[in-house]
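Chemist: Requesting a structural model of the entry that follows:
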Amino acid sequence: MHFADAEQEYRELENKLLSGELDEEQFAAQVNQLKVTDAAGRQWMLSVRTGRWLLHDGQQWVTARPPELEAQGAPPIVEEPEQIEVTAPAEPEPELAVEVVEEAVEPAVEPVAEPVSKPATGLAQRAGSGRLTRRPVLIGFLALVILACLVGGGVSAWVFVLRDLGEPTPVASQEGEISLVTTYTPRPATATYTPTFTPTPSRTATPTATPIVTRTPTATPTRRPPSPTPTVQATATSTATRVTSTPTSTPTPTRATPTPVQQVTYVVQPGDTLSEIAVRFGVTLAALIEANDISDPTLIRPGLVLIIPVPGATVVASTASTPTPTPIAQSTPTPTRTRTPTPTPVPVAMSGKIAFAVWNIYTNMYDLYISNIDGTGRNLLGNGFRQPALRQDGAMLAANGQGAPNFEHLVRMNTSGGELVEISQYVEDSFPSWSPTGDIVAFSSTAYVDRESRLGIVYDIYGKQQDWIRIGTGEIRGENPFWMADGHIVYHGCDYLVDHAVCGLFVTPSSGGSYRQLTTDTSDTSPAGYQSRVAFMSSRDGNWEVYTVNMDGSGLKRLTNNNANDGLPTWSPDGKSIAFVSNRSGAWAIWVMAASGDNQRKLFDLGGGYGNGENDWIFERISWSP
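Modeler: Numbers count the residues shown, from 1 in each chain. Model prediction:
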């Protein structure tokens, strides 16, 4: 990102803040991402409050001016103080005030008007010529005032005198009649006669048939439940109707449900996350955090006792009471036995660890995690890292440090988060992928001046030596590369040398020189390979699903098929399984299936989701290694 681009984005964000599209927190979060590294390797960022450039001198951020902007002569973004213009009052206002006073009371005002400043004397001179023209106006105004007084006096006379004369009531003649007047004066008492029109309330009272209606439904349910309940039980399980224990089990959970609603707890198991627990018990994540006073949702440990809020407890009690009738499960033992042996050997066959990123709603950036393939041993590697790629031996991983403080480029770290080293030069570098030998990294980047994504290789991860993958005198255009075992790189791109509209997955040698098209749908992306087979995600059939294809373009096969989102595939180290992310269970989770697409099952919940825009899930990656 260049300084001019950052300033342009700052202005756009500032306009969105002023227009109300962004609040202050969103504005600050997006401005903090506008960081630039100059040719000398120094880091610059824009101040959220002032818009000035800040330079990191190794210890703190200080105000400075980028040399690139000084060379261009472009003014920096500076917050200017508001200037308040003090305008003097116009001359006609005091002139009119003096003129009115002079006309109304000439002998009293003229001695006062002598010390008036020169503009006032000039006004008096001009007013002398127009005095004859204003006098009829004043006379007319006085006539209107007198007419208004006469009208007001007439109205008052009518109210206080003539109205009493017009009413021939003998009120003033006898005192007894005055008392009668007081009785008639509560003519609002006629309102008491209006409520006498109680035929309407009497009509509302007459629909006493409503209690009759209420009696009829109350009588019918009391008579109906006993007849259908045995029939429902008989239709549900004919064998269970003979067993008297099943009806006794049904009322017991209904009586036991109110007791767990009062206080329900749950012991955290290995691999559990707060969001998974919240979904399991039917409560919100915020309510679960508040009920247990949790400061960091990511730091929960096995054995921790969590309090489930009451709204969720009702759901748990109902779900827990329904599976308690074990006789139904015992009545069909054969399917349960056939299902249990199929999943049991799968965890035994799978091994290794998996790296993935989860969107943090509190920091508005990704958190990088690694865990065992079954979700146990989950460990937070760092904040702001995304798009992980584990090395073939599982000892190191590369990631995009775009949101990490002080690590904005591609980074390398061990599986514990240590030995953290920055290995690339530009903040736009993304989607790292290890070479088959595990010593260098391929990537894609929009750091070029035209902002088109190109493929590159970091040839020296310790010296940040990198270059583009070239074809002729140009560079290969594409993104999201994956380095195959045979040395070729599969990526998402278009045939930019012939027809830009022809897009999909392409293949190029790591040394460059040429490229060829592998798939033909524009949405094909996120490739991951094993030997000569490539897995990828695509929305070619209406929604995101996982597919596989051979390196020669043959053998295209769709592995998943549902209405949910399935994608970001990664191969197991032995090539027998493919892990992927999916929200088919209602929450984002890691799923696994055989390389043929059979035996699809969930491994564990991610404990969160993904961002939007440039942080959408389709721009992410998961990685599986020994």
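
Chemist: Please name the strands paired to the strand ranked longest in the chain in the sheet, noting orientation.
Modeler: As assigned by DSSP state E, the longest strand anywhere in the chain is strand 499-509. Each strand paired with strand 499-509, and its direction, by DSSP bridges: strand 488-495 (antiparallel), strand 516-517 (antiparallel).

Chemist: Out of those, flag the one nearest residue 606.
Modeler: With C-beta to C-beta, the closest approach to residue 606 among the strands paired with strand 499-509 belongs to strand 488-495: 23.3 Å. The way it works is simple: take the backbone N, C-alpha and C, and place the C-beta from them, glycine included.

Chemist: Can you show me the CA trace of that closest one as PDB?
Modeler: In PDB, the C-alpha atoms belonging to strand 488-495 read as follows (Å, rounded to 0.1, in the frame of the first residue of the first chain):
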ATOM      1  CA  HIS A 488       3.800 -27.100 -10.500                       C
ATOM      2  CA  ILE A 489       1.700 -24.400  -8.900                       C
ATOM      3  CA  VAL A 490      -2.100 -24.500  -9.100                       C
ATOM      4  CA  TYR A 491      -3.800 -21.100  -8.700                       C
ATOM      5  CA  HIS A 492      -7.000 -19.200  -9.400                       C
ATOM      6  CA  GLY A 493      -6.800 -16.800 -12.400                       C
ATOM      7  CA  CYS A 494      -7.800 -16.000 -15.900                       C
ATOM      8  CA  ASP A 495      -6.200 -16.300 -19.400                       C
END
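
Chemist: what does it contact?
Modeler: 433, 442, 444, 453, 455, 469, 476-484, 500-510, 515, 517-518, 524-527, 529, 534, 551 (C-beta atoms under 8 Å, 6 or more residues apart in numbering).

Chemist: Make a ChimeraX selection of whichever of those turn out to be buried.
Modeler: Applied in ChimeraX, the following selects the buried portion of those according to 16 or more other C-beta atoms under 10 Å:
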select :433,442,444,453,455,469,476,477,478,479,480,481,482,483,484,503,504,505,506,507,508,510,515,518,524,525,526,527,529,534,551
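
Chemist: first to last residue in stretch 527-544, what's the distance?
Modeler: 14 Å (C-alpha to C-alpha, to the nearest Å).

Chemist: mean confidence score for that stretch?
Modeler: Mean per-residue pLDDT for stretch 527-544: 96.

Chemist: Check which residues of that stretch are buried.
Modeler: Using 16+ other C-beta under 10 Å as the test for burial, stretch 527-544 gives 527-530, 533-540, 544.

Chemist: now stretch 357-369
Modeler: For stretch 357-369, the neighbour count (16+ other C-beta under 10 Å) marks 357, 358, 359, 360, 364, 365, 366, 367, 368, 369 as buried.

Chemist: Tell me the confidence at the third one?
Modeler: Per-residue pLDDT puts residue 359 at 96.

Chemist: do the same with the last one
Modeler: Here the pLDDT value assigned to residue 369 is 97.

Chemist: then the helix or strand where it lies to PDB, C-alphas only?
Modeler: Here residue 369 is covered by strand 365-372, with elements defined by DSSP states H and E. In PDB, the C-alpha atoms belonging to strand 365-372 read as follows (Å, rounded to 0.1, in the frame of the first residue of the first chain):
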ATOM      1  CA  MET A 365      -9.400  -9.400  12.800                       C
ATOM      2  CA  TYR A 366      -8.600 -13.100  12.600                       C
ATOM      3  CA  ASP A 367      -7.100 -15.200  15.400                       C
ATOM      4  CA  LEU A 368      -4.900 -18.100  14.300                       C
ATOM      5  CA  TYR A 369      -5.400 -21.500  16.000                       C
ATOM      6  CA  ILE A 370      -3.900 -25.000  15.800                       C
ATOM      7  CA  SER A 371      -5.300 -28.200  17.300                       C
ATOM      8  CA  ASN A 372      -5.300 -31.900  16.900                       C
END
